[in-house]
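> fold the following, please.
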Amino acid sequence: MSPEAFAALDVRVGRIVRAEPNEKARKPAYKLWIDFGPLGERRSSAQLVQRYTAADLTGRLVVAAVNLGSRSIAGFESEVLVLGVPDAEGAVILLAPEREVPLGGRLY
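A predicted model of the protein is given here:
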């Protein structure tokens, strides 16, 4: 990937303010509402149910790509892609800053 291509990706820090099951999704997922500070609140549908409860997610900092466009997932408009990596069993482990940082902070 070129430096220009990386710079085109807008990855920001947000805080999950609400999480609930996305009961209409084909694969188990949560509906997330994420506060990105100056960027406002955005929504995401994320398959995190193997390692996280809705209560675990609420208040948690996450890293998300915010400029990939929206998708309707089981009738829910997902506006950002929350980022994670698979553990040894393939379950998603969320990426997050190690310390408190301002909401909306951009990855560089």
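
> please count neighbours and contacts with C-alpha atoms only from this point.
Fine.

> all helices of this structure, in order?
With DSSP state H, the ranges of helices along the chain come out as 3-8, 54-57.

> which of those helices has the lowest mean pLDDT?
Across the helices of the chain, helix 3-8 has the smallest mean pLDDT, namely a mean of 83.

> quick revisit: looking at the helices of the chain, which is nearest to residue 23?
Within the helices of the chain, the stretch nearest residue 23 is helix 54-57; the backing value is 12.8 Å (C-alpha to C-alpha).

> show me what the closest one is packed up against.
In terms of contacts (3 or more C-alpha pairs under 8 Å, 6 or more residues apart in numbering; DSSP states H and E), helix 54-57 is packed against strand 11-21.

> so what's the most centrally placed residue in the chain closest to, chain neighbours aside?
With distances taken as C-alpha atoms, centre = their mean, the chain has residue 82 as the residue nearest its mean C-alpha position (2.2 Å). Closest residue in space to residue 82, ignoring its immediate chain neighbours: residue 64 at 4.2 Å, by C-alpha to C-alpha, 6 or more residues apart in numbering.

> with residue 62 instead?
Residue nearest to residue 62 in three dimensions, not counting chain neighbours: residue 96, with 4.8 Å by C-alpha to C-alpha, 6+ apart.

> wait, doesn't that neighbour sit right on residue 82?
No - the pair residue 96 / residue 82 is not scored as a contact, 9.9 Å apart, by C-alpha atoms under 8 Å.

> mutual contacts of those two, please.
Both residue 96 and residue 82 are contacted by 62, 63, under the criterion C-alpha atoms under 8 Å, 6 or more residues apart in numbering.

> any low-confidence regions in this structure?
In the prediction, the chain carries no residues with pLDDT under 70.

> contacts only, for the nearest residue to residue 26 once chain neighbours are set aside.
Leaving aside its sequence neighbours, residue 26 sits nearest to residue 74 (C-alpha to C-alpha, 6+ apart; 7.6 Å). Residue 74 makes contact with 22, 24, 25, 26, according to C-alpha under 8 Å, 6+ apart.
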